[in-house]
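**Q** Compute the structure for the input listed below.
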Amino acid sequence: MLAPREIDEYLLPTERRVIRVRQHWAFMTNHMTATALFLLVLVIAQRYLPESVLFDNITFYLALVAVLRFTVLTMLWWIERIVITDKRVMLAQGIIVHKVGMMPLGKVTDLTFERSLGGRLMGYGTIIVESAGQIQALNRIDYLPRPEEVYEALSELVFGEKGKTRATGMLARPRWRR
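**A** Okay, the predicted model is just below:
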C-alpha cells in the first residue's frame, strides 16, 4: 500500500500549525451500523434459506466485500486530517490519490458553530466557514472533535486583533512603533 504524505509537508516555512485533528470517531458510526446490519442480514439469510453451495459462496463473498469496504472507509477516515495554521485551513485526504484542499484565512468572512445533542454527548460539532467570493472547498467541517477549542482558535486567527492571541502565541508590534 502506498503511504500517504504527511500534511506538514504542505506547510510553508513561514506558517505555523495551530491545530491538527481528524474527524471524530462518531463519523464512523453510520458505516459501522450499515456494515453490521448487512452482515446480520447475511447471517439470517444463511441460517433460514435452504442450504446451497452457490448461496454459501455468494454470502461469503458479499460478507467479504462488506468487511473490505468498511476497512477502506476506516483507513480513509484515519488518514484524513484537518489542519489550521496561522494562514489557512487545510483538509488532506486520500490513500492512493492524495488531495489537499485549502482556504486562506484572509478570505473568511463569517464562522458558524453548530452542535447537535449527539455532538454534545459525544464531543463533536460542526464549523461552517463562509468566505468572500466563490464557495470554497472547506466551507463545512463536520464531526470536528473539541469544536469549542477549534472555533475559538479559528475565531482568534481570523477576527482577533493584532497582538497576542492564545492561538498564535505571537506578539504584534505596537501600532505606535511602526
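
**Q** Quick check: buried residues in the strand or helix carrying E148?
**A** Under the criterion of DSSP states H and E, E148 resides in helix 147-159. Neighbour-count burial for helix 147-159, counted by 16 or more other Cβ atoms under 10 Å, picks out 147, 150-158. Bear in mind the C-beta positions are built from the backbone N, C-alpha and C, glycine included.

**Q** Could you do stretch 79-98 as well?
**A** By 16+ other Cβ under 10 Å, the buried positions in stretch 79-98 come out as 79-93.

**Q** now the residue sitting nearest the centre point of the chain: how far from F113?
**A** Most central in the chain under Cα atoms, centre = their mean is Q23, positioned 3.7 Å from the mean C-alpha point. According to Cβ to Cβ, to the nearest Å, Q23 stands 16 Å off from F113.

**Q** Next: L42.
**A** For L42, the distance to F113 (Cβ to Cβ) stands at 41 Å.

**Q** do M103 as well
**A** Taking Cβ to Cβ, one finds M103 at 17 Å from F113.

**Q** same deal with D142?
**A** Plainly put, D142 is 12 Å away from F113 if you go by Cβ to Cβ.

**Q** do E130 as well
**A** Separation of E130 from F113 (Cβ to Cβ): 12 Å.

**Q** To what extent is P145 buried, counted in neighbours?
**A** Neighbourhood size, P145 [other Cβ atoms under 10 Å]: 19.

**Q** Would you map out the domains in the chain?
**A** The chain breaks down into these domains under automatic domain parsing: 16-23+80-173, 28-76.

**Q** so what sits against both of D142 and F113?
**A** Residues touching both D142 and F113 (Cβ atoms under 8 Å, 6 or more residues apart in numbering): T126.

**Q** For the nearest residue to M102 once chain neighbours are set aside, give me the backbone phi and psi.
**A** Once flanking residues are discounted, M102 sits nearest to M90: 4.9 Å by Cβ to Cβ, 6 or more residues apart in numbering. Main-chain torsions, M90, degrees, to the nearest 10: phi -130, psi 150.

**Q** who's in contact with M90?
**A** Applying Cβ under 8 Å, 6+ apart, one finds that M90 lies in contact with 7, 10, 81-84, 100-102, 138.

**Q** if you set the cut-off to 10 Å instead, what comes out?
**A** For M90, the contact set (Cβ atoms under 10 Å, 6 or more residues apart in numbering) comprises 7, 10-11, 15, 17, 20, 81-84, 100-103, 137-138.

**Q** Confidence-wise, which of those comes last?
**A** Comparing pLDDT over those, the lowest score belongs to A137 (64).
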